[in-house]
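Undergrad: any chance you could fold what I've pasted below:
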Amino acid sequence: MTVLYLGVRYLGIISAALNIVGSVPTISLTDSVSRILFTICDWTNILVFPMLAAIIITRLYAMYQQSRKILIFLFVTFLADNIFNIAVNIITTMHTSGEELILSGTYQCSINFAEGIPLLDAVTWILATMWEILALCLAVWIAVKHFRELRQHSAGGIIGDCFTVLIKTHVLYFAR
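TA: Predicted coordinates for the structure are as follows:
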């Protein structure tokens, strides 16, 4: 799990740095360099999304008491979304070109997409948003269910129980 966290973190830093380099108008880039930067950033997103999804699936699997049904449901849903994302990214990579523009003495690059590519990109964003909403709803559902169970089993209220658990886990953490 630590490898996933570190991978997401450092791939995100690299992606942000490359986006900044490609967006600064005072840094002159040729059309081929800009196209390479665009492709690297595009494929970095394809690498980071499964890493984040693995973290989310693992956490939801643990929250649902290692339910095999929830694991299969989340994995199949994620796999369908990820396969579509990869297919769209391959199409985008094949049908995208860069054009060099000279504006006020600086070289700028414009990425040109084939017809239909922006729509496919929008669909990938919609599917990714739906995945995130699904994960959020499942997490909220189990949290509400857990808090209802806590309320039924305790006379002291939810705040007292949560506070007690929080203190106990912190004491165990710092006692190590």
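
Undergrad: my read: residue 81 touches residue 131, true?
TA: Yes. Between residue 81 and residue 131 a contact is recorded at 5.3 Å, counting by C-beta atoms under 8 Å. C-beta coordinates here come from the backbone N, C-alpha and C atoms, glycine included.

Undergrad: and stretch 115-130, how far from the chain's centre?
TA: Computed by C-alpha atoms, centre = their mean, to the nearest Å, the chain-centroid distance of stretch 115-130 equals 15 Å.

Undergrad: where exactly do the helices run in the protein?
TA: For the chain, applying DSSP state H gives helices covering 2-23, 31-63, 68-94, 117-153, 158-175.

Undergrad: what's the angle from the second one to helix 2-23?
TA: Here helix 31-63 runs at 150 degrees with respect to helix 2-23, directions being taken by axes from the mean of the first three to the mean of the last three C-alpha atoms, to 10 degrees.

Undergrad: and what of the fourth one?
TA: Here the directions of helix 117-153 and helix 2-23 differ by 140 degrees (the same axes, to 10 degrees).

Undergrad: by contact count, what packs against helix 117-153?
TA: helix 31-63, helix 68-94, helix 158-175 (3 or more C-beta pairs under 8 Å, 6 or more residues apart in numbering; DSSP states H and E).

Undergrad: which stretch among the ones you listed is buried most, on average?
TA: helix 31-63 (a mean of 16; mean count of other C-beta atoms under 10 Å).

Undergrad: what angle separates that helix from helix 68-94?
TA: Going by the same axes, to 10 degrees, helix 31-63 makes 180 degrees with helix 68-94.

Undergrad: tell me how far helix 31-63 lies from the chain's centre.
TA: 6 Å.

Undergrad: list the helices and strands that helix packs on?
TA: helix 2-23, helix 68-94, strand 96-103, strand 106-113, helix 117-153.
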